[in-house]
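J.: Give me a model of this one.
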Amino acid sequence: MEEKKHVIRETDAEAVRLARTLIRTARYGAIAVLDPRDGAPMASRVAVATDLDGAPIILVSALSAHTGALAADPRCSLLVGEPGKGDPLAHPRISVSCRAIRLERGTEDHARAERRYLNRHPKGKLYAGFPDFSFFRLEPHGASLNGGFGKAYVLDRSDLLANGPATQELAAREQGAIDHMNADHADAVAIYARQFAKAHGDGWIITGLDAEGIDIANSDDVRRVFFPRSLAGADELRQALVELAKAGRALEANPNPTDPQ
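T.: Numbers count the residues shown, from 1 in each chain. Sure thing, here's the model as predicted:
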């Protein structure tokens with residue numbers, strides 16, 4: 001009797017990297033909630049950013065049906081992943097099971113979420129301060145990753161979030177580093193985009209820095225660049241950025257490392 005093939009693959013480092021990339025680079029996603037009137041599933045589109053550790057962040061109006069649903073039952077799921085050209089089902093996507101936590105105004109968590117969200121969605125400044133708008137952190141506890149045909153994975157919370165001292169320490173330093181890099185080191189940001197995100201065109205800026213890497217954007221195009229190794233502390237950020245730019249310049253000078261200088 002032929003042995004039945006397992007549909008779910010063993011989660012490996014490549015799957016974790018893909019999952020975190022999909023979440024970090026998402027600008028929009030489909031959120032599924034439970035209708036408080038009858039408990040039926042209900043889906044809507046939301047703009048997405050991420051917290052320092054990689055948890056999704058959304059900004060929603062009290063007038064939206066999904067906001068009322070989250071207030072009644074915080075259980076939800078978020079689907080992200082752009083379809084691209086060709087068969088949309090051939091492109092990677094991830095569905096993250098979450099618990100929505102409303103962030104209280106005046107708290108450090110709210111300030112950090114607002115800052116990071118507006119870095120990703122600058123137009124959100126028009127309504128982020130309205131009293132009927134709220135930031136929610138979508139606390140993930142698991143996910144289903146489809147990396148393409150025949151590439152299905154089940155991930156847990158530890159596969160999705162970056163933990164460690166650097167994540168907490170960067171909260172106070174991140175924005176200053178972003179502003180400095182975008183204002184004074186646009187050439188380095190361009191190298192990150194070309195060499196490590198395989199991006200084209202000018203005008204790339206950093207929108208987020210975390211213990212694992214860099215989020216860059218050019219208008220609606222968002223890319224992710226990972227550091228060679230995660231930061232052990234916030235003090236390592238500057239050197240990591242310098243080393244990444246140096247490595248990128250070396251690649252530009254000698255795109256084929258087997259060629260002699």
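
J.: okay, and for this protein, where does confidence drop off?
T.: Where the chain drops to pLDDT under 70, the residues are 1-5, 257-261.

J.: where's the nearest residue to A234 once chain neighbours are set aside relative to R194, distance?
T.: Excluding the flanking residues, the one nearest A234 by C-beta to C-beta, 6 or more residues apart in numbering is E169, at 3.6 Å. No exception for glycine: its C-beta is placed from N, CA and C like everyone else's. Distance, E169 to R194, by C-beta to C-beta, to the nearest Å: 29 Å.

J.: quick one: buried residues of the helix or strand where G176 lies?
T.: Using DSSP states H and E, G176 sits in helix 174-184. Neighbour-count burial for helix 174-184 flags 174-175, 177-178, 181 (criterion: 16 or more other C-beta atoms under 10 Å).

J.: cool, stretch 238-245 as well?
T.: 240-241, 244-245.

J.: sorry, back to before: the next helix or strand after the helix holding G176 - contacts with which helices or strands?
T.: Using DSSP H and E, the helix or strand that follows helix 174-184 in sequence is helix 186-191. Helices and strands touching helix 186-191, by 3 or more C-beta pairs under 8 Å, 6 or more residues apart in numbering; DSSP states H and E, are helix 174-184, strand 205-209, helix 237-253.

J.: closest to G147 out of those?
T.: strand 205-209 (23.3 Å; C-beta to C-beta).

J.: residue ranges of the strands in this protein, please?
T.: With strands called from DSSP state E, the chain shows them at 28-34, 41-47, 49-50, 56-61, 75-80, 93-102, 133-146, 152-156, 205-209, 213-218, 221-226.

J.: Quick check: which of those strands is buried the most?
T.: strand 49-50 (a mean of 25; mean count of other C-beta atoms under 10 Å).

J.: Run the chain-centre distance for that strand.
T.: Mean-position distance between strand 49-50 and its chain equals 5 Å (C-alpha atoms, centre = their mean, to the nearest Å).

J.: which strands and helices sit next to it?
T.: Judged by 3+ C-beta pairs under 8 Å, 6+ apart, strand 49-50 is in contact with strand 56-61, helix 108-120.

J.: In CSV: those, plus distance to I23.
T.: Formatted as CSV, these follow (distance: least, C-beta to C-beta, whole Å):
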stretch, distance to I23
strand 56-61, 6
helix 108-120, 12
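
J.: what residues are up against the closest residue to D156 other than its chain neighbours?
T.: Spatially, and ignoring its direct neighbours in sequence, D156 is nearest to G142 (5.4 Å; C-beta to C-beta, 6+ apart). Contacts for G142 were tallied using C-beta atoms under 8 Å, 6 or more residues apart in numbering; they are 96-97, 154-157.

J.: now those residues in a markdown table, with distance to G201?
T.: A markdown table is the format used below for the contacts of G142 (distance: C-beta to C-beta, whole Å):
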| residue | distance to G201 |
| --- | --- |
| V96 | 30 |
| S97 | 36 |
| V154 | 37 |
| L155 | 33 |
| D156 | 37 |
| R157 | 36 |
